[in-house]
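K.L.:
Need a 3D model of the sequence below.
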Amino acid sequence: MMPTDRLTMRSTTLDSSVNEKIAAAEMLTTPAMVVASRMEIRVGSILEPLCLAHRLEA
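P.N.:
Got it, this is the predicted structure:
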């Protein structure tokens, strides 16, 4: 593994950790119904293409 690969992985991990902490802090200050709605939208946007692909295979 090249040193630059390690730096890239470390940077990506740190960025991800910071983003998760920001998202967690935002969720704590946001009403539960708004957070639940956002989660439903995101899960739906992930699952919809998978369901479509499954229907096309059948």
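K.L.:
Mind checking which residue lies nearest the centre of the chain?
P.N.:
For the chain, residue 42 is the residue whose C-alpha lies nearest the centre (C-alpha atoms, centre = their mean; 8.3 Å).
K.L.:
residues in contact with it?
P.N.:
If a contact means C-beta atoms under 8 Å, 6 or more residues apart in numbering, then residue 42 has no contacts. C-beta: built from backbone N, CA, C; applies to glycine.
K.L.:
does it belong to a helix or a strand, and which?
P.N.:
Taking DSSP states H and E as the criterion, residue 42 maps to helix 32-57.
K.L.:
any idea of the mean pLDDT for that helix?
P.N.:
Mean pLDDT, helix 32-57: 76.
K.L.:
Please export the C-alpha coordinates of stretch 42-49 as CSV.
P.N.:
Only the C-alpha atoms of stretch 42-49 are listed here, as CSV (Å, rounded to 0.1, in the frame of the first residue of the first chain):
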residue,chain,number,x,y,z
ARG,A,42,-33.6,8.0,2.0
VAL,A,43,-34.5,4.3,2.5
GLY,A,44,-37.2,4.6,-0.2
SER,A,45,-34.7,6.1,-2.6
ILE,A,46,-32.3,3.2,-2.0
LEU,A,47,-34.9,0.5,-2.1
GLU,A,48,-36.8,1.7,-5.1
PRO,A,49,-34.2,0.9,-7.8
